[in-house]
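Student: mind folding the following:
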Amino acid sequence: IVSVLSIMAATQSCLSADEDPVPVPPMTGSEVSVPIGGPTEPNQVWIDLSDYTNPAVNSRTDWDLGFYSGDAYRVIMNGSLAMTVIKIPNASDISKVKEADISSLKDIAQVGTFDAANMKYVDNPNGDFLNQTSGIDAIKENDADNPVYLINLGREIPSAANIGAGSVSLSGDPRGWKKIQILRAQNGYKIRYGDVNAAEADIKEYIITKDTEYSFSFFNLKTGTPVKIQPKKKKWDLAFTTFTNEVFMGPTTSAGSYFYADFVTTNTLNGVGAYQVTVTGNLDAAYNAFKLKDVESSKFVFNDQRAIGDKWRTTTGTASNPVPFVYADRFFVLKDAEGFYFKLRFNTMKNTKGERGYTNFEFEPL
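Tutor: I've put the predicted structure just below:
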C-alpha cells in the first residue's frame with residue numbers, strides 16, 4: 001500500500017538533460033510506504049516519482065528471464081531470486097543433455113560461495129547487461145553459436161513464520177534447475193527449455209517478440225508464460241527488491257556474488273541517475289534547505305544501478321546500535337527518466353513491531 005503521510009507543496013521548475021529550464025507539472029512531495037511485504041520481502045516494487053501512488057508490484061517469483069527489447073540481443077536473469085547460469089560443456093543439442101552431464105556444475109553455479117570466480121554466473125550487478133561478460137552471452141545470429149545452459153532458478157519465497165524482529169528470511173526451498181538454449185527469432189527470441197533430463201519430445205519452445213515500449217519482455221520458465229513486470233521504459237525511477245550483488249572482504253578483495261535484502265536500484269537504462277549527499281550536522285535542516293541550485297551534476301551516477309543500492313541502511317547495525325537501521329546522516333538526489341530532479345531520504349526499514357520489509361521514504365521535486 002502506498003500512503004501519503006504528508007504533503008509538501010512544490011510547483012517549481014526542474015532542469016532537463018540539457019540544463020535548460022522546463023516546467024514540471026504541478027506535483028507534491030510525499031512520504032511513500034513501499035509495499036515490499038514484510039521480512040520475507042516477497043515483492044518487487046517499481047516506482048515512478050512523478051506517479052508515485054501507482055507503483056507496479058510483482059512477486060519475486062513471477063519471472064525468471066528478461067529479454068531486451070532494444071537493438072541488441074541480450075537476456076537477463078531474476079537477481080531477486082539469486083539465480084545463476086552456467087554453460088554446459090560440449091553441449092550443442094539441448095535434448096541430449098542429461099543429469100550426468102551437469103551434476104558437477106550444480107555446486108559451482110551458486111550465489112554466496114565466497115568465491116570471486118562465481119561472479120561469472122550472475123548478471124553484472126551494476127546493470128550494464130549490454131556489455132557484460134557474465135551471465136548469458138549475447139544471442140548470436142547463427143543458431144549453432146548459442147550454447148546450452150544450465151540455469152539455477154534460485155530460491156522460493158519462504159514462509160513468514162517465526163522471523164525475529166529486525167531479521168529477514170529471503171531464501172526458501174530451491175526452485176530447481178532447467179536447461180535452456182536461446183536463439184534469435186524474427187524481431188525477438190526463441191527460447192528452448194526443459195527439465196534437465198527432458199528428451200526432444202519434452203523440450204518446450206516459446207517465441208518472445210520485442211516490445212519497444214518496454215525495456216524487457218519477461219518470461220516465467222515454470223509456467224511457460226510471458227508476464228508483465230517492469231512498467232514502460234520511462235515510467236519508473238526506483239525499484240525496491242532483493243538483489244544479487246558483489247560482496248567484498250576488503251576494499252579490493254571480492255568474495256563473489258551475495259544476496260542482499262532491502263536494496264534499491266535505479267533505472268539507469270533509461271537515464272535515471274542518483275547520488276548521495278552526506279550531512280555532518282542536522283539531517284532535517286540540511287534536507288529542507290537543499291534546493292535546485294545545490295544540485296551538483298557531476299556527482300550523478302548514471303552507469304551503475306546501485307547508486308542508492310544498500311547505501312541508505314545498515315543491516316547489521318553498529319557496536320553501539322547492534323540492530324538494522326536507516327542512516328541519519330545522508331539523503332539522495334535523483335534525476336528521473338524525464339530529466340526532472342528530486343531529493344529523497346529514507347525514514348524507516350521496519351514497522352512499529354520492529355519487523356523488516358517495511359521501507360518508507362520521502363521525496364520532493366526540486
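Student: in the stretch 1-150 of the chain, where is pLDDT below threshold?
Tutor: Counting by pLDDT under 70, the stretch 1-150 of the chain shows low-confidence ranges at 1-28.
Student: what about the longest helix in the chain?
Tutor: Ordering each helix of the chain by length in residues (DSSP state H) puts helix 283-289 first.
Student: so for that helix, mean pLDDT?
Tutor: Mean per-residue pLDDT for helix 283-289: 96.
Student: phi, psi for residue 292 please.
Tutor: Torsion angles at residue 292 (phi, psi; degrees, to the nearest 10) stand at phi -60, psi -40.
Student: how near is the residue nearest to it when sequence neighbours are not counted to residue 294?
Tutor: Spatial nearest neighbour of residue 292, excluding adjacent residues (Cβ to Cβ, 6 or more residues apart in numbering): residue 366 at 4.2 Å. Just so you know, the C-beta spots here come from the backbone N, C-alpha and C atoms, and that holds for glycine as well. Residue 366 sits 8 Å away from residue 294, going by Cβ to Cβ, to the nearest Å.
Student: ok, the two, which is more surrounded?
Tutor: Neighbours were counted for residue 366 and for residue 294 using other Cβ atoms under 10 Å; residue 366 has more, 23 against 12.
Student: who are the packing partners of the longest helix of the chain?
Tutor: strand 330-335, strand 341-350 (3 or more Cβ pairs under 8 Å, 6 or more residues apart in numbering; DSSP states H and E).
Student: if we can go back for a sec, against residue 89, how distant is the residue nearest to residue 292?
Tutor: Residue 366 is 53 Å from residue 89, by Cβ to Cβ.
Student: just residue 218 next, same as before
Tutor: Counting by Cβ to Cβ - residue 218 and residue 89 are separated by 29 Å.
Student: and if you look at residue 333?
Tutor: The value you get for residue 333 to residue 89, if Cβ to Cβ is used, is 47 Å.
Student: between the two, which one's more packed in?
Tutor: residue 333 (23 against 11).
Student: list the contacts of the more buried one.
Tutor: By Cβ atoms under 8 Å, 6 or more residues apart in numbering, the residues touching residue 333 are 274, 275, 277, 290, 295, 299, 300, 341, 342, 343, 344, 366.
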